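> Here is a sequence together with a model predicted from it:
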Amino acid sequence: MAWQSSGKTNAELIANMVRHRLIVSDAVADAMRKVDRAKYVLHKAVAYEDTPQSIGYDATISAPHMHAHALSLLEPYLHEGARVLDVGSGSGYLTAALHHLVGPTGTVFAIEHIPELVEWSVANLRADGLGGALDSGAITVIARDGRLGYSSKAPYDAIHVGAAAPRMPYALVDQLACPGRMIIPVGTHTQTFTQVDKDKDGKVTTKDLFGVMYVPLTDQPTAK
Ligand code: SAH
């Protein structure tokens, strides 16, 4: 199913994912159509294949259908003006899509611990037409350990974690708004895409969704 969604252009990739019902929301389709995946990958010739791709530094840009899943799960919390945290933002692809969903009055904080990837993702976002959003503060990319979240800007209506945590990081749960939702891969050998919901009274519920394979959240590698 995933492979069958590959396209020759970004528009074709999204259209195929809609056709295969990997995207069922118009808002998610619109947001993903606005993000040109070729701007966020190293191997441009295969930018529109529905597969993950290495972006160096042991990091991977997720497959488009995984980005679609994450955005669909978070969408109920991605209203205009919402505040979002994207942990392990890597290429910047999902940061861009999240920005399109929350609009210019929303704020997306992207956290990535490899400084070179922070720099590259900012260049990717600018090349994809999001220089204005970076300059206005609608998108901020920060180099730090994402396991701690970014408490000074909390709470967040939605938190996306793009790398697997060995166990639930409660620092991130604490930074969810009431209500708010976090989507996070949890586990080591086997990982589960997990949805954490905080209701308006602050009550937290956790739902295991399905098995996934993400790179782990790690300590920052020491310089080689
Ligand atoms: N959503 C991104 C996923 C990139 S892969 C994309 O599709 O491009 C996961 C990212 O998490 C990598 O870039 C990796 O460097 C980063 N990462 C791993 N551990 C981290 C940590 N402790 N803090 C912040 N980022 C981390």
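In hand now; what should we look at? It should be emphasised that the depicted structure is a prediction, and the values quoted were computed from it without experimental measurement.
> Now do the contacts for Asp219.
Applying Cβ atoms under 8 Å, 6 or more residues apart in numbering, we find Asp219 in contact with Asp145. The way it works is simple: take the backbone N, C-alpha and C, and place the C-beta from them, glycine included.
> helices and strands around the longest strand along the chain, which ones?
The single longest strand within the chain, with elements called by DSSP state E, is strand 176-187. Contact here means 3 or more Cβ pairs under 8 Å, 6 or more residues apart in numbering; DSSP states H and E; on that basis strand 176-187 packs against helix 64-74, strand 156-161, helix 170-174, strand 191-198.
> and those, which is most packed in?
Across these, averaging neighbours per residue (mean count of other Cβ atoms under 10 Å) puts strand 156-161 on top, at a mean of 27.
> ranges for the helices of the protein?
10-19, 26-34, 64-74, 93-102, 115-127, 131-136, 170-174 (DSSP state H).
> returning to what we had before: list the buried ones in the longest strand of the chain?
Neighbour counts over strand 176-187 (16 or more other Cβ atoms under 10 Å) mark Leu176, Ala177, Gly180, Arg181, Met182, Ile183, Ile184, Pro185, Val186, Gly187 as buried.
> Skipping adjacent residues, who's closest to the last one in space?
Right, the one you point to is Gly187. Spatial nearest neighbour of Gly187, excluding adjacent residues (Cβ to Cβ, 6 or more residues apart in numbering): Ala164 at 6.2 Å.
> and the gap between the one you found and the ligand?
9 Å (Cβ to the nearest ligand atom, to the nearest Å).
> Next: Asp219.
Taking Cβ to the nearest ligand atom, one finds Asp219 at 7 Å from the ligand.
> again, but for Asp201
From Asp201 to the ligand the distance is 30 Å (Cβ to the nearest ligand atom).
> So that residue is in contact with Cys178, correct?
Yes: taking Cβ atoms under 8 Å as the definition, Asp201 is a contact partner of Cys178 at 6.7 Å.
> between those two, what contacts are shared?
Contact criterion Cβ under 8 Å, 6+ apart; residues shared by Asp201 and Cys178: none found.
> Identify the residues contacting the spatially most central residue of the chain.
Compute the mean C-alpha point of the chain, and by Cα atoms, centre = their mean the closest residue is Leu94, 3.9 Å away. Counting by Cβ under 8 Å, 6+ apart, Leu94 makes contact with Ser62, His67, Ala70, Leu71, Asp86, His160, Gly162.
> Throw the residues you listed into a markdown table and include distance to the ligand, thanks.
Below are these laid out as a markdown table (distance: Cβ to the nearest ligand atom, whole Å):
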| residue | distance to the ligand |
| --- | --- |
| Ser62 | 4 |
| His67 | 6 |
| Ala70 | 8 |
| Leu71 | 11 |
| Asp86 | 7 |
| His160 | 7 |
| Gly162 | 3 |
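> That'll do, ta.
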